[in-house]
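1. using only what follows, build the 3D model:
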Amino acid sequence: MVFYFKARPEAGGYTIFMGLDKYENEELIKYGFPEDIWFHVDKISSAHVYLRLNKGQTIDDISEGLLEDCAQLVKANSIQGNKMNSIDVVYTPWYNLKKTPSMDVGQVGFHNPKMVRTVRVEKRINEIVNRLNKTKVERKPDLKAEREAVSAAERAEKKLQQREKKRREEMERLQKEKQAEIRSYKGLMVADKMTSNKQIASNDKSLQELEEEFM
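-> Okay, here's the model as predicted:
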């Protein structure tokens, strides 16, 4: 089971989601998207919350309001963190999550700790949490199938781009050859390199002149 929430409309209508338990979290870790940003309360247990950005966006594109929605949702879904003030929420791109065989279910590390950011949450803001909960939808998605479908579409798009690149390169090559041919032809047609029929006639001796020389 995965829970989906809608962020504040003025932020752009982004989707925020989290797993029901650590087993769903494991699936979300395994089949995440490059556009997903992972959130968790620092150093204490909490839900794994994800924000799905638009394709091409990065962690730097998260607005202050959108970040606040994600951080408040993480805090509200931490048994211990929900009771505390002044907690830290860490967040990082999904692809920075590190999973090794020795880790427990739902446990993660980071490939690059420098890519992990922290936001301080002073207190729970019920107005935000209640607004998010009103948009809550439960689904049982096939995360593997969704990821494979996106991967297939990305591969198809990449092949199309490669074919288009080759087509452009071939067109450019043909254009260069044509321009080279034109330049070569123009070079042959330069006036001082050309010989007219009149010049040929003036340079050649007549039959009568040849006969006179022979005699």
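2. where does Arg131 fall, secondary structure wise?
-> Using DSSP states H and E, Arg131 maps to helix 126-134.
3. which SS state does the residue nearest the centre of the chain fall under?
-> The residue lying closest to the centre of the chain (C-alpha atoms, centre = their mean) is Gly56, at 4.2 Å. With DSSP: H, G, I helix; E, B strand; the rest coil as the basis, Gly56 sits in coil.
4. for it, what are its contacts?
-> Residues counted as contacts of Gly56 (C-beta atoms under 8 Å, 6 or more residues apart in numbering): none. To be clear about C-beta, it is placed using only N, CA and C from the backbone, and glycine gets the same treatment.
5. also Glu122?
-> Asn85, Ser86.
6. for the record, mean pLDDT for the lengthiest helix in the chain?
-> Using DSSP state H to define each element, the chain has its longest helix at helix 143-188. On average, the pLDDT along helix 143-188 is 79.
7. quick one: distance of that helix to the chain centre.
-> 20 Å (C-alpha atoms, centre = their mean, to the nearest Å).
8. counting by contacts, list what that helix packs against.
-> For helix 143-188, the packing partners by 3 or more C-beta pairs under 8 Å, 6 or more residues apart in numbering; DSSP states H and E come out as helix 22-30.
9. what's in contact with stretch 21-32?
-> Contacts for stretch 21-32 (C-beta under 8 Å, 6+ apart): 1-2, 17-19, 38, 47-48, 50, 94-95, 97, 99, 104-106, 108, 143-144, 146-147.
10. low pLDDT regions in the protein?
-> Applying pLDDT under 70 to the chain flags the ranges 153-154, 157, 187-215.
11. residues touching Tyr95, list them.
-> Gly32, Pro34, His111.
12. the second one contacts Asn96, doesn't it?
-> If I follow you right, that is Pro34. No - assessed by C-beta atoms under 8 Å, Pro34 is found out of contact with Asn96, at 10.7 Å.
13. if you count surrounding residues, which of these two has more?
-> The residue with more neighbours, out of Pro34 and Asn96, is Asn96; 19 against 13, by other C-beta atoms under 10 Å.
14. neighbours of the residue nearest to that one when sequence neighbours are not counted, how many?
-> Using C-beta to C-beta, 6 or more residues apart in numbering and skipping the chain neighbours, the partner closest in space to Asn96 is Met115 (4.7 Å). Neighbourhood size, Met115 [other C-beta under 10 Å]: 13.
15. hmm, Met115 is touching Pro93, no?
-> Yes - counting by C-beta under 8 Å, Met115 does reach Pro93; the two are 6.6 Å apart.
16. what's the first helix or strand after the helix holding Arg131?
-> Per DSSP H and E, the first helix or strand lying C-terminal to helix 126-134 is strand 137-139.
17. parallel or antiparallel, list what pairs with that following strand.
-> Strand 137-139 has its sheet partners listed here by DSSP bridges as strand 2-6 (antiparallel).
18. so which strand or helix has Thr118?
-> Assigned by DSSP H and E, Thr118 falls in strand 117-121.
19. please consider this matter closed, and thank you.
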